[in-house]
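Any chance you could fold what I've pasted below:
(chains A and B)
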Amino acid sequence: MNPELLRNLWLQFSLQRVIAAPLILGAIVALISFGTSTDWSSIAWAANGGFFLIAYLWGARRAVNVLADEIASGTWDGQRMSSIGPWTMAWGKIFGGTAYTWYCAGICLVAYIIAEIKLGNSNELLLELSLQMTGALLVQAVALLLALVMVGKGRRLGRRSIAFAQGAAVLIGFFGVSHLLLPSIGLHLASGLAQSVTWFGLNLPFEQFVLLTQCLFLAWVLVGVYRLMASELQVPQGPWVWTLFSVFLIAYYQGFAVLGNDSGPSLRWASALVVAVILYYVAIFAQSHDIIRYRWLLHHNRRGALGGVWTLAPLWAPSLVIAVIVAASLRYSAPIAALAEPELQGLLSLQHVVDPRHMTTALILFMVRDLGIVLLLNFAQRPKAPDLTAVLYLIVLYGVGGGLAIVLGAYRLLPWFVPGAGGNGLLVMLAPLIEVLAVFALLWRRWTAQGRALQPQPAA
Amino acid sequence: MIQVENLTFDYPGHRALSDVSFAIQPRTITALVGPNGAGKTTLLRCLAALDRPGAGRVTLDSIDVHEAPRAAHERMAFLPDFFGVYDDLTVRQCLDYKARAHGVPNDRRAAAIGSAADRLGIADRLGDFAGTLSRGLKQRLAIAQAIIHAPQFALLDEPAAGLDPEARYSLAAVFRGLRADGMTLVVSSHILAELEDYSTDLLAIRDGVIVDHHALQEDARVGDQPVPLQLRLARTDQRLGAMLAAVAGVVDIVVDGAAASFAFAGGLEARHALLKRLVDEGLPVAEFAPLHATLQDSYLELMRKQGAS
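Below is the predicted model of the structure:
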């Protein structure tokens, strides 16, 4: 038996807890039952709500705490020193850490099933239960994934980090995959009647498509948990899984009917670019950027040790390559007419948008500039909340700077703040290029200042 | 044997280990000493494959610990300075979990638990919850957990911190016992007197650089290295210096009244012959023993020299 799972079962399933859960939850169901004269729909509603509270909210917290508790109590190093492999550790923690919440949630599900059968809604029950269970599992897995990301970034997983991971997991897992990640939800909500989703030409019932999506994302999150756990256990990792996930996500969004089967290639490339850009920023903020890692990356590169380079390669590198490829495809391979459509140009004041072809180049330059800002803050001798500071700077640059230029009517300044805006094609590309050069000059200065005392010794 | 080659480890703005190389012989207890911030904990964590160095290699019996950390962990144990135990599990469950986590086969698990508990003197506490144990017993449990898989090599970071003198004494006996059973230990501690009780080797580190590595105890010396000896007579005898100088292998003679110190290259039989000769020639020998500088003396002298240089 998985030792990590067994240990969690020992910790969570005391006799008192095993007996208490059905008694308490049974008493609540009995109260609702007597209070509503056995109104099965009220019981179903309460059981469903109980499942959500226990499996989603409590489960997500337990999934974070299963790691946070180890770190707080000083047992994490002991686990890292064990012979337990990354996959065994990963699933032992996900299922072991949340075992008791599943025990309690299972009681709610039993009450829900009975109520739904009594109400005569047994046809869709299996699909509904599958949706609920994969959704809850997804939330829990995302919570553990975020906890591992934070540990990888050197966080101690205090109360605030735990609450953040839990909240973000619930948002991403529940609202994200189930609803927000599906562009068709717009149609679904707008009409209130849309019952199906067209994806790569396949017309699937909405709930079935949500289930498929949840299963796909759950698989990716589990792979992500495995990779991060392997990293914690000092098993060398390269960013190839992230690269594959990026390709998957771009492909996933290409499948939606919202683009239309007859959509022009430019609109498809544009949607791919949006996903690639988002993934690039996720990659930047999901990883630690201590200067030592980059120093050794360059050191291995100089020695031609490609294995070392690949192991230390940051996630943003493949993301940037993908974004450049997609942007270049949009820039050169496809007609740009679709980008000039009023709906898209309506995002900005029409007269201040230049040829969208320049926009792709400017966008890539802005992305590189933003990376430089993040690295600059992380490479400080004593970095203090560098990622948060970087986010603040970017909000100021894009939001406040761009907003001010528009409000003050200083449209000529827009190329310095908003990719592709401003009206002058040359300036649209020149402005971010100058910013890139300025940021990287500062970065080089900081790099050399820190590096003088830390020239790596050649390995034997 | 554990071999460390050109190990370098950096923190932002600070090099914690700089081109560190050394080898640790099997069945030794190496005292890892150095001032605060010298790099002791970083070195132990690199040896344990918990932190990955920027350059260099650590091999444990030809296994590169950073290339194959899981294989290395099967052969080693590590007790960090801030260790924890699972307070809500019993001592038996704690040991059972660690045995499973280290891949001890089912048919050998009960024996491994019994053996580790016996060795650490907690066999009578197997049914107690770990959270109810005293600090000293928790320390013993943590060590028992670490060695449950009978590793060849154990790394212990400040294992005696917070223990009372009695617990420290018994811990020293545990370490000697582990060594006698064939284990190799590296123990980092600030309490030099305690290290002296059981260490065979000294590894001193300062500012991320190894400044000294030598054998401490006589039984760990190799070859015919001269051993410092001291001799005391019951009363002063003017012949003492001349008689010592006449013996082959005796060097560095210092006579101070009825006492003398010198270095003698030779094993126990040669030492016996030397003593017999001195007694036969009528010297009133009252004491004849190896001359030990305390570990603390050696360490302070070493750090003083390093500081001066």
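
What is the burial count for the closest residue to chain B within the stretch 101-250 of chain A?
Proximity of the stretch 101-250 of chain A to chain B (C-beta to the nearest C-beta) peaks at A:Gln234, 4.3 Å away. In short, each C-beta sits where N, CA and C put it, glycine included. Number of residues near A:Gln234 (other C-beta atoms under 10 Å in any protein chain shown) recorded here: 23.

Not counting residues beside it along the chain, what's closest to A:Pro386?
Closest residue in space to A:Pro386, ignoring its immediate chain neighbours: A:Leu377 at 3.8 Å, by C-beta to C-beta, 6 or more residues apart in numbering or on different chains.

Help me confirm that the one you found is found in a helix?
Yes. Counting by DSSP: H, G, I helix; E, B strand; the rest coil, one finds A:Leu377 located in a helix.

Verify the stated contact: it with A:Thr389.
Yes. A:Leu377 is within contact range of A:Thr389, at 5.3 Å (criterion: C-beta atoms under 8 Å).

the more surrounded of these two?
More crowded of A:Leu377 and A:Thr389, by other C-beta under 10 Å: A:Leu377, with 21 against 16.

who's in contact with that one?
A:Pro383, A:Pro386, A:Asp387, A:Thr389, A:Ala390, A:Tyr393 (C-beta atoms under 8 Å, 6 or more residues apart in numbering or on different chains).

Name the helix or strand for B:Val4, please.
Using DSSP states H and E, B:Val4 sits in strand B:2-11.

so what secondary structure elements neighbour that strand?
Applying 3 or more C-beta pairs under 8 Å, 6 or more residues apart in numbering or on different chains; DSSP states H and E, we find strand B:2-11 packed against helix A:291-303, strand B:14-24, helix B:40-47, strand B:55-60.

Return the most buried member of the ones you listed.
Comparing the helices and strands packed on strand B:2-11 by mean neighbour count (mean count of other C-beta atoms under 10 Å in any protein chain shown), helix B:40-47 ranks first with a mean of 23.

and the angle for that helix with strand B:14-24?
60 degrees (axes from the mean of the first three to the mean of the last three C-alpha atoms, to 10 degrees).

can you list contacts of helix B:40-47?
B:2, B:4, B:7, B:9, B:16-17, B:20, B:32-34, B:51-53, B:58, B:65, B:78, B:80-81, B:155, B:157, B:186, B:188, B:205, B:208.

still on that earlier bit, can you tell me how far the residue of the stretch 101-250 of chain A closest to chain B is from A:Val274?
From A:Gln234 over to A:Val274 the distance is 36 Å, taken as C-beta to C-beta, to the nearest Å.

what bits of chain A have low per-residue confidence?
Counting by pLDDT under 70, chain A has low-confidence residues at A:155, A:157, A:173-195, A:257-266, A:333-356, A:423, A:451-460.

of the contacts of helix B:40-47, buried ones?
Burial by neighbour count, judged by 16 or more other C-beta atoms under 10 Å in any protein chain shown, picks out B:2, B:4, B:7, B:9, B:16-17, B:20, B:32-34, B:51-53, B:58, B:65, B:78, B:80-81, B:155, B:157, B:186, B:188, B:205, B:208 from the contacts of helix B:40-47.

Tell me which strands the strand holding B:Val4 pairs with, and in which orientation.
The strands beside strand B:2-11 in its sheet (DSSP bridges) come out as strand B:14-24 (antiparallel), strand B:55-60 (antiparallel).

Which one, of the ones you listed, ends up nearest to A:Leu11?
Smallest distance to A:Leu11 across the strands paired with strand B:2-11 (C-beta to C-beta): 32.3 Å, for strand B:55-60.

Check which element follows the closest one along the chain.
Scanning forward in sequence from strand B:55-60 by DSSP H and E, the next helix or strand is strand B:63-64.

Does the closest residue to B:Pro151 other than its chain neighbours belong to a helix, a strand or coil?
Excluding the flanking residues, the one nearest B:Pro151 by C-beta to C-beta, 6+ apart is B:Ala77, at 4.5 Å. Reduced to three states with three-state DSSP, the structure at B:Ala77 is strand.

Give me every residue in the stretch 51-200 of chain B lying close to chain A.
By C-beta under 8 Å from any C-beta of the partner chain, the residues of the stretch 51-200 of chain B that approach chain A are B:52, B:54-57, B:66-67, B:69-70, B:73-74, B:76-78, B:80, B:82-89, B:93, B:97-98, B:100-103, B:145-146, B:149.

Just the buried subset of the residues you listed, please.
Buried members of those, counted by 16+ other C-beta under 10 Å: B:52, B:54-57, B:66-67, B:69-70, B:73-74, B:76-78, B:80, B:83-86, B:89, B:93, B:97-98, B:100-102, B:145-146, B:149.

Keep only those of these that are in helices.
Judged by DSSP state H, these include B:Pro69, B:Arg70, B:His73, B:Gln93, B:Tyr97, B:Lys98, B:Arg100, B:Ala101, B:Gln145, B:Ala146 as members of helices.

For the residues you listed, which two are the farthest from each other?
Spanning the widest gap among these are B:Pro69 and B:Gln93, at 25.9 Å by C-beta to C-beta.

rewinding a little: quick one: which of the contacts of A:Leu377 is nearest to B:Arg277?
Lowest distance from B:Arg277 to these (C-beta to C-beta) belongs to A:Pro383, with 70.2 Å.

I'd like to know how many residues surround the closest one.
17.

do A:Gln166 as well
A:Gln166 has 26 neighbouring residues, counting by other C-beta under 10 Å.

Please tell me I have it right and it contacts A:Val142.
No. Contact criterion C-beta under 8 Å: A:Gln166 and A:Val142 do not qualify, at 9.8 Å.

before we move on, back to that, and the residue nearest to A:Pro386, how far from A:Thr360?
27 Å.

same check, this time on A:Leu144
Distance, A:Leu144 to A:Thr360, by C-beta to C-beta: 37 Å.

neighbour count winner among these two?
Counted by other C-beta under 10 Å, A:Leu144 and A:Thr360 do not tie: A:Leu144 has more neighbours, with 29 against 26.

what is the closest residue to A:Ile292 other than its chain neighbours paired to in the beta sheet?
Computed as C-beta to C-beta, 6+ apart, the closest residue to A:Ile292 that is not its neighbour in sequence is B:Asp10, at 4.6 Å. B:Asp10 has these beta-bridge partners by DSSP bridges: B:Arg15.

burial of B:Asp10, as a residue count?
Using other C-beta under 10 Å, B:Asp10 has 25 neighbouring residues.

Got the phi and psi for the residue of the stretch 51-200 of chain B found nearest chain A?
Nearest residue of the stretch 51-200 of chain B to chain A: B:Gly84, at 3.1 Å (C-beta to the nearest C-beta). Dihedral pair for B:Gly84: phi -140, psi 160, per degrees, to the nearest 10.

any chance of the strands paired with strand B:2-11 in JSON lines, with mean pLDDT too?
Formatted as JSON lines, the strands paired with strand B:2-11 follow (pLDDT from 0 to 100):
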{"stretch": "strand B:14-24", "mean pLDDT": "87"}
{"stretch": "strand B:55-60", "mean pLDDT": "86"}
